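1. Fold the following, please.
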Amino acid sequence: MLQPRIPFRSLCRKCQLSTPGFRRSYAQVIDPVHPSTSVLDTARADPPVALPQDRIGPDVGEVRLRRYTPRTPGIRHLIRPLNEHLWKGRPVFSLTYPKKGHGKGGRNDTGHVVVRHRGGGHKRRIRIVDFRRSEGGKHLVERIEHDPGRTAHIALVRNVETGKRTYILAPEGLRAGDYVESYRSGLPKSLLEEMGGQMDQGVIASKTAWRGNCLKLSMIPVGTPIFNITPTAHGIGKFCRSAGTHGIIVGKGEDAVQKEMIKLIGDSGTLDLSTLTKDQLKKFEKAANYVTVRLSSGEVRLIDKEAVATIGVASNVNFKYTSLGKAGRARWLNIRPTVRGVAMNAADHPHGGGRGKSKGNRDPVSPWGTPAKSGFKTRPKNKVNPMVVTERPRNQGKRRRGYA
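-> Take a look at the predicted model:
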């Protein structure tokens with residue numbers, strides 16, 4: 001005999017409160033359940049282990065994502081990284097300015113489209129971020145904020161001496177209450193007096209190369225992850241600024257030149273510069289002024305040793321797992337649809353027109369007729385970047401067509 005169904009809707013008020021699963025109509029994150037510990041267990045427990053203060057890399061294995069119960073089709077595939085440490089309030093108004101005009105729609109000052117697939121997003125204010133980090137002194141991190149204009153998070157820092165507040169790119173793991181410092185203008189006098197006037201690179205790195213600090217590349221040890229890298233000695237940070245990106249210092253030209261000099265000295269114990277040619281001297285002089293850095297794209301390039309970078313990895317490393325879930329969220333983010341060329345008219349794209357969905361007997365090209373796939377390079381061969389040692393892999397490291 002079949003068991004009678006239990007009418008859940010007719011349960012008493014007390015029973016309904018004890019069964020929240022039948023009444024909840026919103027998504028939530030379930031906190032992990034920790035076993036209860038008695039007084040004796042707490043007394044026998046090991047003391048908490050503090051994390052090292054000079055930790056520079058992200059936490060390994062901490063992928064915390066929020067998925068939703070598909071009560072509507074728009075949240076079925078929605079995935080968001082959990083960032084519970086972010087500031088919930090408004091930004092500092094004086095450090096922002098409104099995004100208005102043709103630029104929001106991808107237009108230039110003449111009204112022509114220069115960036116496709118832009119427009120229609122939510123109203124936002126641009127955060128003024130200090131990519132230069134030229135102001136020295138100790139800065140207190142007041143809070144970590146979300147920036148709608150970039151994928152990485154920003155940190156609101158305040159100068160301890162002057163009280164000036166600025167926004168900087170936040171490294172992964174930086175939290176409110178931490179201290180960061182910029183050594184772009186040089187080492188402070190107190191640090192030099194503490195070392196007794198001796199410039200020991202190892203001691204300098206141990207006292208300055210901490211997460212969030214800004215240093216010259218010549219002061220950063222080899223193998224350290226860095227981000228917000230300036231390409232020149234007097235520029236602003238341009239490399240590795242998006243979420244989760246970082247570069248690695250592969251080698252320093254000074255060390256390579258020193259090894260070559262040791263080889264030239266040999267058993268004689270002295271080095272005679274008159275035996276070197278002008279080309280060799282020029283080569284050594286150029287190599288000593290640069291540091292080799294491998295970027296997140298796989299490109300290995302030379303950067304001036306007087307350029308600066310921030311120690312650590314750009315924050316919001318789990319952004320790569322984000323899934324918007326529906327096209328409307330892309331429109332909120334100022335992203336318009338990307339239409340295939342085959343679906344256009346012949347006047348709008350070289351692949352358009354015709355009967356059916358065929359682009360005809362033509363190789364893939366851009367809307368302006370430039371070959372678009374198979375590893376085709378658009379830059380002239382006579383304009384090679386001398387700073388690039390190894391180019392980033394294109395087309396998954398393959399070239400399916402041998403374009404000239």
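2. Kindly tell me how buried the nearest residue to S242 once chain neighbours are set aside is, as a neighbour count.
-> Spatial nearest neighbour of S242, excluding adjacent residues (C-beta to C-beta, 6 or more residues apart in numbering): T151 at 5.0 Å. Bear in mind the C-beta positions are built from the backbone N, C-alpha and C, glycine included. Neighbourhood size, T151 [other C-beta atoms under 10 Å]: 16.
3. Student question: in the chain, what's the helix or strand with minimum average pLDDT?
-> helix 39-44 (a mean of 37; mean pLDDT, DSSP states H and E).
4. Could you double-check that the residue nearest to S242 sits in contact with V317?
-> No. Counting by C-beta atoms under 8 Å, T151 does not reach V317; the two are 10.3 Å apart.
5. Please enumerate the shared neighbours of these two.
-> A243 (C-beta atoms under 8 Å, 6 or more residues apart in numbering).
6. shaky segments in the stretch 51-200 of the chain?
-> Within the stretch 51-200 of the chain, the stretches with pLDDT under 70 are 51-62.
7. Could you rerun that using 80?
-> 51-62, 196-199 (pLDDT under 80).
8. Would you map the strands across it?
-> 65-67, 79-81, 96-98, 125-127, 138-145, 154-159, 165-169, 179-181 (DSSP state E, counting those that start in this stretch).
9. Make TSV out of the ones you listed and add mean neighbour count and distance to I229.
-> Below are the strands of the stretch 51-200 of the chain laid out as TSV (neighbours: other C-beta atoms under 10 Å; distance: least, C-beta to C-beta, whole Å):
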stretch	mean neighbour count	distance to I229
strand 65-67	13	29
strand 79-81	16	24
strand 96-98	13	25
strand 125-127	16	20
strand 138-145	18	20
strand 154-159	21	17
strand 165-169	21	11
strand 179-181	19	17
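10. Look up how far S274 lies from R118.
-> Distance, R118 to S274, using C-beta to C-beta, to the nearest Å: 61 Å.
11. Repeat that for G237.
-> Using C-beta to C-beta, one gets 43 Å for the distance from G237 to S274.
12. same thing with E84?
-> 66 Å.
13. With neighbour numbers in mind, choose between the two.
-> Higher neighbour count among E84 and S274: E84, with 7 against 4, using other C-beta under 10 Å.
14. gap between that one and R392?
-> Look at E84 and R392: by C-beta to C-beta, they are 35 Å apart.
15. what do you get for G173?
-> 27 Å.
16. who has more neighbours, those two?
-> Using other C-beta under 10 Å as the criterion, G173 and R392 rank with G173 on top: 19 against 14.
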